[in-house]
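[1] Whatever this is, show me its structure:
(chains A, B and C)
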Amino acid sequence: MITQRRVQFEDSYDLKRTIESGQAFHWFPSGESSWETAWRGFYVEVKQVSSSEIVFETNSTETDALSQVADYFQCHIDVSSVLHTFPKDSLTEKALDRCLGLRLLRQDPWLCLASFILSSTKQITQIKEIVRLMSFQLGASISCPDINRIVYTFPEPQDIVRAGESAVRKCKAGFRAKYIYRCAQEIESGRFDLEAVRLLSLDEARESLTSLPGVGPKIADCVLLFAYGFSRAFPIDVWVQRVLQDYYLGGKKVSHREMRQFVDGYFGNNAGFAQQYLFDYIRSLSKTDWAALVASSPFGK
DNA sequence: GGGATGCCTGGATG
DNA sequence: ACATCCAGGCATC
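    Numbering: from 1, shown residues only, chains lettered A, B, ... in the order given. This is a model prediction of the structure:
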């Protein structure tokens, strides 16, 4: 049996931008503007109905399944009140304008952690491919005969421990396989508790996550932001680093520490949300537009 | 403690 | 065709 829920928003909700722009890698196109996945052991499909309306459906018989999905999509968030806290520089404002409807998801820690370990020096399409292969080969199948669909859950830590590092490597994970496998061991054995991270402060949580093999500051902040909901977490990848250095900090080479300091002082309580807009926007720019943007920076040297 | 280098691999660039 | 570079990092020295 399939149940569904339709949600309408005050502001726009751009599913494509939200699902496909690099925060989640386990959604698969199932139609013109719809995606499907296996999530928490059940089938979920989500569709864009209008710019401010989405519908999701599931085969789960749990009474709160749809509420869980709504939480995953962070349907309760009042975006305009978040945007209000952003700094008012012209770059941030342009990013907001161009990436209208982009939202943050609230993902499950393990899949999020594994995805970002896999993301290391990989492009989004490649990350998705590894996640797809791992799900197909090492995960469980969820069939949904009512609508003739089948999807695969991302393997749990115990599945990966059982399958071994080489099985992960066969999914094109490369050197990341070792990290995935070791993290799976830590979690499966109980030596590392992903749920306990929820109780920590941002700094404690960051320190805790970076103790895992293959997890440095960038990956930790992705997980802190996209899974645990630390709104001040601010992943600094090569793109965001370019923005900080070339646009906000006068074009000179700056240390990671200096960038952190600037971010903490400048972007405020929803820094992570702002980061997502900046990331999405600058990634879409051509070299020419990027150069023009940097040249137009009002920030001094 | 900042700065290079290797790590897997596929796709882009020359 | 073929070499080389680079991609949404981390660990190591």
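[2] Stretch A:258-278 near DNA strand C at all?
    No - shown here: stretch A:258-278 not in contact with DNA strand C (CB under 7 Å from any atom of the strand), separated by at least 8.7 Å. Quick note: C-beta positions are derived from backbone N, CA and C, even for glycine.
[3] Let me see the mean pLDDT of that stretch.
    For stretch A:258-278, mean pLDDT is 93.
[4] go on, stretch A:178-187?
    The average of the pLDDT scores along stretch A:178-187 is 95.
[5] from the chain's centre, how far out does the helix or strand A:D71 falls within sit?
    Assignment of secondary structure by DSSP states H and E places A:D71 within helix A:65-72. In terms of CA atoms, centre = their mean, to the nearest Å, the centre of helix A:65-72 is found 17 Å from the chain centre.
[6] Can you point out the buried residues in whichever helix or strand comes after it?
    As assigned by DSSP H and E, the chain's next helix or strand after helix A:65-72 is helix A:79-83. Along helix A:79-83, these residues count as buried under the neighbour rule (16 or more other CB atoms under 10 Å): A:79, A:82-83.
[7] quick one: contacts of helix A:79-83?
    When contacts are defined by CB atoms under 8 Å, 6 or more residues apart in numbering, helix A:79-83 is touched by residues A:9-11, A:96, A:103, A:270, A:273.
[8] Which members of these additionally contact DNA strand B?
    With CB under 7 Å from any atom of the strand as the criterion, the subset of these in contact with DNA strand B is empty.
[9] Neighbour count and secondary structure for those residues - can I get that in JSON lines?
    Listed next are the contacts of helix A:79-83 as JSON lines, based on neighbours: other CB atoms under 10 Å; DSSP: H, G, I helix; E, B strand; the rest coil:
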{"residue": "A:F9", "neighbour count": "17", "secondary structure": "coil"}
{"residue": "A:E10", "neighbour count": "9", "secondary structure": "coil"}
{"residue": "A:D11", "neighbour count": "16", "secondary structure": "coil"}
{"residue": "A:L96", "neighbour count": "17", "secondary structure": "helix"}
{"residue": "A:R103", "neighbour count": "23", "secondary structure": "coil"}
{"residue": "A:N270", "neighbour count": "18", "secondary structure": "helix"}
{"residue": "A:F273", "neighbour count": "23", "secondary structure": "helix"}
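[10] Can you list phi and psi of the nearest residue in space to A:D246 that is not next to it in sequence for me?
    Nearest-residue entry for A:D246: A:V294, 4.7 Å, with adjacent residues in sequence omitted and distances by CB to CB, 6 or more residues apart in numbering. Reported as degrees, to the nearest 10, the phi and psi values for A:V294 are phi -60, psi -40.
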